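Participant: let me see the structure of the following:
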Amino acid sequence: MSLEFWVSLVAGFIGGYVVNEIHWRRQLAAQAKVLRVKFKRVEGRYDAYPFRAEEPLPDSDEVDFGRKIGDVTIRYEHDNVLTLDYKQVDGKNDWAATISMETPATGSMCWRYVRLGGEVTAKHRIGFKRCFIGDGVNASDDAATFLYLYGEKGFTREALERVGDLPASATA
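Facilitator: Here you go, the predicted model:
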């Protein structure tokens with residue numbers, strides 16, 4: 001086999017690798033852009049409300065809009081990852097979570113208390129919740145976007161109503 005054959009073979013492998021690498025990177029960038037558009041719409045400020053607890057059922061399907069229990073900020077981080085900062089209205093407990101979205105509408109989160117009983121805590125108080133993003137009707141009978149949370153026993157189901165965008169400085 002001639003030298004020309006080996007040079008052509010090596011050049012073909014190198015050229016094929018370069019073209020494949022360029023195509024792969026373009027595909028990744030396009031997929032990242034699609035994910036960013038899907039999940040960036042969730043980013044914003046939310047008010048948290050519990051579901052009504054009515055007898056004989058422990059949980060109902062009706063949100064108690066008369067009892068705001070938290071102020072929430074959700075930020076888009078990257079890919080399918082969001083972060084959530086939750087401040088209880090009573091000022092006693094704050095918690096933070098990382099949300100991993102499996103689809104544009106459903107996800108899982110791992111949360112931990114960052115302030116417990118009004119004081120910063122180093123205790124390992126963590127938990128898991130499932131979440132669902134959907135459209136609903138708010139207290140004024142207007143259409144609104146909600147993030148619904150459902151956690152372990154002992155924690156209430158919550159409906160987080162989107163009330164606004166984040167300030168421009170917070171999204172940078």
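Participant: residue 8 is in what secondary structure piece?
Facilitator: Under the criterion of DSSP states H and E, residue 8 resides in helix 3-40.
Participant: whoops, I mixed them up, residue 133
Facilitator: Using DSSP H and E, residue 133 maps to strand 126-137.
Participant: go ahead and confirm residue 94 touches residue 85.
Facilitator: Yes. Using CB atoms under 8 Å, residue 94 makes contact with residue 85 at a distance of 7.4 Å. In short, each C-beta sits where N, CA and C put it, glycine included.
Participant: contacts only, for residue 93.
Facilitator: Going by CB atoms under 8 Å, 6 or more residues apart in numbering, residue 93 touches 113, 115, 116, 117.
Participant: give the rounded mean pLDDT of the strand holding residue 133.
Facilitator: Rounded to a whole number, the mean pLDDT of strand 126-137 is 88.
Participant: domain ranges for this structure?
Facilitator: 1-40, 42-165 (automatic domain parsing).
Participant: on that earlier part again, of the contacts of residue 93 - the most surrounded one?
Facilitator: residue 113 (18 neighbours; other CB atoms under 10 Å).
Participant: tell me the secondary structure at it.
Facilitator: Secondary structure assignment for residue 113 (DSSP: H, G, I helix; E, B strand; the rest coil): strand.
Participant: leaving out sequence neighbours, find the closest residue to it.
Facilitator: residue 125 (4.3 Å; CB to CB, 6 or more residues apart in numbering).
Participant: gap between the one you found and residue 111?
Facilitator: Noted for residue 125: a distance of 9 Å to residue 111, by CB to CB, to the nearest Å.
Participant: quick revisit: just the domains of the chain: most buried one?
Facilitator: Of those, the one with the most neighbours on average (mean count of other CB atoms under 10 Å) is domain 42-165, at a mean of 15.
Participant: start to end distance for it?
Facilitator: Terminal residues of domain 42-165 are spaced 9 Å apart (CA to CA, to the nearest Å).
Participant: what about stretch 76-96, how long is it end to end?
Facilitator: Taking CA to CA, stretch 76-96 runs 14 Å from one end to the other.
Participant: for this structure, which spans come out with low pLDDT?
Facilitator: Scanning the chain for pLDDT under 70 picks out 54-60, 154, 169-172.
Participant: find the centremost residue of it, please.
Facilitator: The centroid of the chain falls nearest to residue 82 when counting by CA atoms, centre = their mean (3.5 Å).
Participant: contacts for the helix or strand hosting residue 49, please.
Facilitator: Per DSSP H and E: residue 49 is located in strand 44-50. Contacts to strand 44-50, defined as CB under 8 Å, 6+ apart, come from residues 63-65, 67-74, 86, 147, 156-166.
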